[in-house]
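1. how would this look folded up:
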Amino acid sequence: MNIKLLIAFLLGTFLLFTEDVSGQGFCGNTGGFTVTPSQGCAPLTVTIKNQVVKAENVSYAYNFNRAQTTVPDIKETTQDSSYTYKLPGIYTILQFGSAGGTGFSQCKDVTVRETRAPTANVTVCKSGKVQLDMVLDSISEAYDFIEINWGDGTQVWNWEKGKGSVFHNYTGAGPWPPVKLTGKYTNGQCAQSTNTSTISGSSSQSLASVRIRNVEMLSSGDAKIVYDGIEGIPTEVLIDKGDGQFVSTGKKGQSAGAQAITISGLNPQQIYRFKLSSKDICDDIIESPVVSSLIIKEGSFSLDEIISVAWEHYPNTDQLIEYQLKRDGAVVFTSTDQLSYLDKDVKCGNIYKYEIVAIIENDVRSYSSFINLEPKSSAPGVINTASVTVEEDNTIVTQVEVSGEGLTSTYNLIVERSLLGSADFQQVSPADNQTLLFQDTNVNTSENSYCYRFAYENACKLKSPDYNAPVCSVLLKTNTPEIVWNGNAPFTDAVGSYDLLQMDDKGNIQDAIPKQLGTSHTLDLGSQSAFSFRVKVNSGNGNFTSYSNILNFRSEAIILVPDAFTPNGDAYNERFEVKAYFVSDFKMSVFNRWGEVVFRSENIAEGWNGNIKGEKAPGGYYLYKIEATASSGGNVQKNGSFLLIR
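-> All right, here's what the predicted structure looks like:
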């Protein structure tokens, strides 16, 4: 335990001190040791001899990284003076310790050469032809050359780095002897330590790595094929154009790695199948898995502002993993079996580029050509459901309902207005009006009625073929005790019915009074007090509705005084009678022109018959004075004149 702590102290103190002073990192130049041997063949055992006088606590790291900037782990250090390297490479030995109270360090390199046997793939044909393909790894790359002994007594081959396949021919009948491979150095080093591999030949050559990687159809009619080849193996690209027969494309090669070829003159909207035909060294034909092209097209569905996409694909030799549908380069849909998609995330006026990609086992891709599609829409129909509502003296609210085809996520509802009875319609809605409920605040509903008509324009710039039949506002007025409304029909078609809506002071409908085709209503002021009224007009077909302005009535004193009466015995207008509502303590006096009282009453139901003290009063103007108390409290007075006509 004490030794480990001491090593940690030396590494943490002396080595860091050396780094700061010498600028050489942990590999200082203040130590000293010999390495025997400094180079050799794996496995290599080296012996260390310290040369620092009066050295204490000398330790070594036998596999130190010169670029290392951290202190070596204690597990990587030892005080042993020998070490065995089992694998080839160039290793750095770090020595560190102290002498006379001062830390020291030193580094030296050891070169260990490769001695493991190289390997290769050997194919032997029935004819005796042999192909040897060296496995290119760190072992084969370590040697200057590799000796190939075919085992039949013929000349030994020396394979040099960078060469391709090596060929040989056995004579006579098989079986054929194994091939021996031995790594060599030009200076003869490690001859006694190097291992030799013995390889028996295979009766067939594996061409599994010769495969199609990508099939891409272009809109131009070109097909781009990318495949992996093997050096020296003739490979030809075959195509099936739809009749089930594979024929040559004329595209051939025998190079290693990724190969790209282009086949022209194809129909991008037709499906083709491709495969590779390769000839191994034994002249046997080996075919790769089949990869099919794809086609993408517009689907059969026709929906508003939705793009329908469909695709077709023939089976491949390897299993399909998934389809990826791309829109403008981004994947918007994936499926393992679905061959169509409805893209709802599109807008009219935009053109979208679609492509379908099939992902197949073993990292194979098949790409369709691109197709450009634009959202379509049907033409919207004429609006046949709408309402017009008078909200305030200067506000009318219109609302429409739309249904059927041609409806899109964005639209422009065009609202036009004219005075009732005029054909001069003017647009009052803003450009690109995006609401079905529109407030028109540039009106005077207490004086006029207004007519409205509507048209729907969708995002695809398709518009209703015509405006709807106009819907007009209704002007509701009072002529106490009657409520009346304009008799002009608010629709082009006949009115279906009028309903008088009675509401409380919060706008809640208390009663709906059917008025058929009537245009007035008499209030029962004796029983009705705080109520509001509005007229609802329904069109004959039930599609259009118009709501009038609101009239408010409250229990405040109402005194109605006639301006003349004719007591002439014809039983019509014989008495001067005052009508009073929502009042109590009624008093009325009638005066002649000299200010004399000619009639007085405290009964509302009692009127003056035109006589003074039993005699007929002369015709002319008379004055009246009425004093009463309102039902809601407060005094009410009313003065005026009327005419007695004889």
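2. what's next to the host helix or strand of residue 181, contact-wise?
-> Take DSSP states H and E as the rule and residue 181 turns out to sit in strand 179-184. With C-beta atoms under 8 Å, 6 or more residues apart in numbering as the test, strand 179-184 has contacts from 114-120, 122, 130, 132, 139-140, 142-151, 158, 191, 194-201. Any C-beta I mention is one placed from the backbone N, CA and C, and that applies to glycine too.
3. Buried ones among those?
-> 114-118, 120, 122, 130, 132, 139-140, 142-143, 145-150, 194, 197, 199, 201 (16 or more other C-beta atoms under 10 Å).
4. Of the residues you listed, which belong to helices?
-> 139-140, 142 (DSSP state H).
5. from what I can see residue 84 touches residue 45, true?
-> Yes - checked against C-beta atoms under 8 Å, the pair residue 84 and residue 45 is within contact range at 4.3 Å.
6. Dump the ones in helices among the buried ones among the contacts of strand 179-184 to a markdown table, plus distance to residue 230 and pLDDT.
-> Putting those into a markdown table (distance: C-beta to C-beta, whole Å; pLDDT from 0 to 100) gives the following:
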| residue | distance to residue 230 | pLDDT |
| --- | --- | --- |
| 139 | 21 | 94 |
| 140 | 18 | 92 |
| 142 | 25 | 93 |
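7. Tell me the one of the residues you listed nearest residue 235?
-> residue 140 (25.4 Å; C-beta to C-beta).
8. check contacts around the closest one.
-> 118-119, 134, 146, 161, 183.
9. Repeat that for residue 562.
-> Residue 562 neighbours (C-beta under 8 Å, 6+ apart): 573, 576-578, 642.
10. These, buried ones only, as a PyMOL selection?
-> In PyMOL, a selection of the buried entries from the contacts of residue 562 looks like this (16+ other C-beta under 10 Å):
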select buried, resi 576+577+578+642
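11. Pairing partners for the strand or helix carrying residue 213, with directions?
-> Here residue 213 sits within strand 211-217, counting by DSSP H and E. For strand 211-217, the paired strands and their directions (DSSP bridges) are strand 223-229 (antiparallel), strand 364-367 (parallel).
12. Show the average pLDDT along that strand.
-> What strand 211-217 shows for mean pLDDT is 97.
13. Just the residues contacting that strand, thanks.
-> 223-228, 258, 266, 268, 272, 274-276, 288-289, 291-295, 362-369.
14. How about stretch 94-102?
-> 10-11, 14-15, 26-27, 30-33, 48, 50, 52-61, 64, 72, 103-108.
15. let's see 6 Å
-> Contact with stretch 94-102 is made by 15, 31, 33, 52, 54-61, 64, 105-107, as judged by C-beta atoms under 6 Å, 6 or more residues apart in numbering.
16. Could you list the buried residues of it?
-> Going by 16+ other C-beta under 10 Å, stretch 94-102 has these buried residues: 94-99.
17. what does stretch 577-597 give?
-> Using 16+ other C-beta under 10 Å as the test for burial, stretch 577-597 gives 577-578, 580-583, 586, 588, 590-592.
18. Also stretch 483-497?
-> In stretch 483-497, counting by 16+ other C-beta under 10 Å, buried: 483-486, 489-491, 495-496.
19. Among those residues, which ones are in helices?
-> Short answer: those have none in helices (DSSP H).
20. And the strands in the stretch 301-450 of the chain, which stretches?
-> Along the stretch 301-450 of the chain, counting by DSSP state E, counting those that start in this stretch, strands occupy 307-313, 320-327, 330-335, 340-343, 352-360, 364-367, 371-373, 385-392, 395-401, 411-419, 426-427, 437-440, 450-458.
21. Which of the ones you listed sits closest to residue 599?
-> Closest to residue 599 of the strands of the stretch 301-450 of the chain is strand 385-392 (C-beta to C-beta; 45.0 Å).
22. Quickly find the element holding the residue lying closest to residue 559 once chain neighbours are set aside.
-> Using C-beta to C-beta, 6 or more residues apart in numbering and skipping the chain neighbours, the partner closest in space to residue 559 is residue 580 (4.9 Å). Here residue 580 sits within strand 579-581, counting by DSSP H and E.
23. can you list contacts of that strand?
-> 525, 558-560, 604.
24. following it, which helix or strand shows up next?
-> With DSSP H and E, the next secondary element past strand 579-581 is strand 583-591.
25. contacting residues around that next one?
-> 557, 597-602, 604, 608, 622-630.
26. Okay, now the sheet partners of the helix or strand just after that strand, with direction.
-> Next helix or strand after strand 583-591 toward the C-terminus (DSSP H and E): strand 597-601. Strand 597-601 pairs in its sheet with strand 583-591 (antiparallel), by DSSP bridges.
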